[in-house]
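Student: I need the structure of the sequence given here:
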Amino acid sequence: MRIHLIAIGGAVMHNLALALRENGHQVSGSDDEIYDPARSRLKARGLLPSANGWFPEKITPELDLVILGMHARPGNPELVKALDLGIPVLSFPEFIGQQAGDKTRIVVAGSHGKTTTTAMIMHLLRNAGLDFDYLVGAQLEGFHTMVRLSDAPIVVIEGDEYLSSATDRRPKFIHYRPQILVLTGIAWDHINVFPTFEEYLAQFENLLNTLPEGATVFYDERDPHLCGLIGSARAGLNTQGYRPLPAKVDGGKTRLLISDGKYIPLEVFGEHNLANLHAAILVARKLGIAEERIYEAAASFKGAARRLQTLAESATFKAWLDFAHAPSKVAATVKAVRNLYPDRKLTACVELHTFSSLNKAFLPQYNGTLTPAEQAVVFYSPHTLAMKKMPPISFGEIRQAFNHPSLKVFTKTEELEAFLRENDWHLHNLLLMSSGTFGGLDAGKLAKSLMPNAGH
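Tutor: Next comes the predicted model:
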C-alpha cells in the first residue's frame with residue numbers, strides 16, 4: 001500500500017512509519033516539527049520529510065491511505081486535501097485496531113502504569129517464546145521499535161484514554177476491543193478534553209462496553225473507581241482483581257515472594273510496580289505460560305525508558321529519572337523511592353509540563369504528593385505556559401497546591417541546577433519526575449556530577 005502519515009514525527013507515529021516500511025509498504029509523511037530520536041530514526045530509513053511543514057501536493061489520488069496523528073489540527077491542509085480527494089483517513093489507533101482484528105488482543109488501560117505493565121507483559125511473552133505484535137508508549141530494551149505489525153497471532157497494546165485524532169474525538173482505546181483487558185487504576189487526567197472527573201470516568205465505562213462477550217478483565221482491586229465500574233459492568237465478562245504481590249525490601253533491593261519462604265530478586269521496586277507485575281503475570285497465565293518461565297522472566301525485567309530509570313549510583317547516593325507527571329503517578333513514585341531507602345534523605349523534583357498539571361483548577365490534585373520527601377522541588381517554564389496560551393501561575397499558588405513545608409519552586413533550569421549542586425548528597429537520594437526535560441537539563445550528566453566524591 002501507499003500510505004502517508006500526517007504528523008509523522010510523533011513518538012508512536014514515527015515508529016508506526018518504521019513498522020509499515022519494514023512490512024514493505026510505500027511510506028511518506030509530513031510534520032511541522034520533528035525532534036530526536038524520531039528525526040534520526042526516520043532519516044536512517046529514508047523516511048524523514050525533506051522540509052518541515054504541511055504540503056498538500058503530497059496528497060495525490062495514488063495514495064491508498066492517510067494515517068492521522070494527534071498532533072495534526074482539524075484544518076490541516078493535507079487532511080483537507082485527503083478528504084476532498086476521498087482518500088481513506090484513519091487515526092493511528094483506528095488503523096492499529098483494524099490490523100489487530102483477527103488476533104488475540106491484550107490491552108492495558110488506566111491513568112497510570114500503562115507503559116510499565118505493557119512492557120512487563122511483552123517481556124514475559126518474549127521470554128516464553130511467544131510471537132506477538134505490539135504498540136507501547138516507550139522504547140523498551142530488546143525491542144527496536146515501539147510498534148510491530150506482522151501476522152503474529154497475539155497483539156499487546158498500551159491503551160491510551162486520550163483522543164484518537166483531531167477528527168476522531170474518541171479515546172484511543174475504544175478502537176481495540178480486547179479479549180484480555182488490564183485496568184491499572186483511575187485518577188483524573190487530561191483536563192483539557194475531560195473537564196470533569198465524571199467525563200473522564202465515563203471513557204473507561206465506554207471501554208468496558210466495547211469488550212467482546214467472554215472477555216477477561218484484570219483490575220486493581222484497591223481502586224474504588226475501578227471496583228465501581230466492574231460492579232456495574234454488564235454480565236458476560238470474566239473479571240478478576242489484583243493487588244501488589246507480596247515482597248520484602250532488603251538493602252535497597254526488592255525481593256518477590258514466589259512460594260513459602262522462597263524469594264527472587266527484582267530489578268524494579270515499589271508497590272505500584274508489584275501491582276503492575278501481578279497484572280502482567282495474570283495475563284501470562286491466561287495465555288498458558290508456565291509458572292517457572294514467568295518468574296524467570298519477572299526477575300530480569302529492568303523497566304521501560306524513563307520509568308524509574310537509574311541515572312547515577314554510589315554506595316551512599318542514587319538518582320532516578322521518571323516519567324511521572326500526573327498526581328497519582330508522582331505520589332506512587334515518591335512513595336516507592338522513599339520505601340526503598342527509608343534511611344536516606346530524599347529530594348523529589350517534579351516538572352509541571354502538561355496542560356492538566358499547569359491548570360490552576362487541577363493543581364490542588366497534587367496536594368500531599370511530595371510529602372514523603374524531606375525536600376521537594378517544583379519546576380515549570382513560563383514559556384510552556386505561554387505556548388499553551390495559559391495564564392501565569394504564581395509560586396504561592398503552587399506552594400498552596402502541593403502543601404509541602406519545604407517546597408522550592410524554580411522557573412529557570414540554571415537555578416534548579418545550582419540549587420541541587422548546593423546539597424550534600426551523602427546518604428541522600430534524588431528523584432527527577434517529568435514528561436518534559438526540565439527546560440533542557442542534562443539529567444544524566446548532572447546526576448553523575450552530584451555523586452559524593454565525583455571526579456576525585
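
Student: contacts for the top helix by length along the chain, please.
Tutor: Taking DSSP state H as the criterion, the chain has its longest helix at helix 271-286. The contact list for helix 271-286 (CB atoms under 8 Å, 6 or more residues apart in numbering) reads 106, 108, 112-113, 116-117, 120-121, 123-125, 128, 180, 182, 184, 216, 218, 220, 222, 240, 242-245, 247, 254, 256, 266, 268, 291, 294, 298, 301, 308, 332-333, 335-336, 339. In this view, the C-beta of every residue, glycine as well, is placed from N, C-alpha and C.

Student: was I right about Phe55 contacting Asn76?
Tutor: No - using CB atoms under 8 Å, Phe55 makes no contact with Asn76, being 10.9 Å away.

Student: higher neighbour count, those two?
Tutor: With neighbours defined as other CB atoms under 10 Å, Phe55 and Asn76 compare such that Asn76 has more, 21 against 14.

Student: how close does that one sit to Leu83?
Tutor: Asn76 sits 10 Å away from Leu83, going by CB to CB, to the nearest Å.

Student: same check, this time on Ser314
Tutor: Taking CB to CB, one finds Ser314 at 58 Å from Leu83.

Student: and what of Ala235?
Tutor: 41 Å.

Student: still on that earlier bit, what's the offset of the helix or strand that the longest helix of the chain is followed by from the middle of its chain?
Tutor: Next helix or strand after helix 271-286 toward the C-terminus (DSSP states H and E): helix 291-300. The chain centre lies 23 Å from the centre of helix 291-300; the measure is CA atoms, centre = their mean, to the nearest Å.

Student: show me where the stretch 1-150 of the chain dips below the pLDDT cut-off.
Tutor: Residues of the stretch 1-150 of the chain that meet the criterion pLDDT under 70 are absent altogether.

Student: redo that, cut-off 80
Tutor: Along the stretch 1-150 of the chain, the parts satisfying pLDDT under 80 run over 139, 141.

Student: so where do the helices sit in it?
Tutor: Ranges of helices in the stretch 1-150 of the chain, per DSSP state H, counting those that start in this stretch, are 11-22, 38-44, 77-85, 92-99, 114-127.

Student: please identify the most buried of the ones you listed.
Tutor: Highest mean neighbour count among the helices of the stretch 1-150 of the chain (mean count of other CB atoms under 10 Å): helix 114-127, with a mean of 25.

Student: leaving out chain neighbours, which residue sits closest to Ala128?
Tutor: Nearest non-adjacent residue to Ala128, counting by CB to CB, 6 or more residues apart in numbering: Ile289, 4.4 Å away.

Student: show me the contacts for the one you found.
Tutor: By CB under 8 Å, 6+ apart, the neighbours of Ile289 are Leu124, Leu125, Ala128, Leu130.

Student: many thanks, have a good one.
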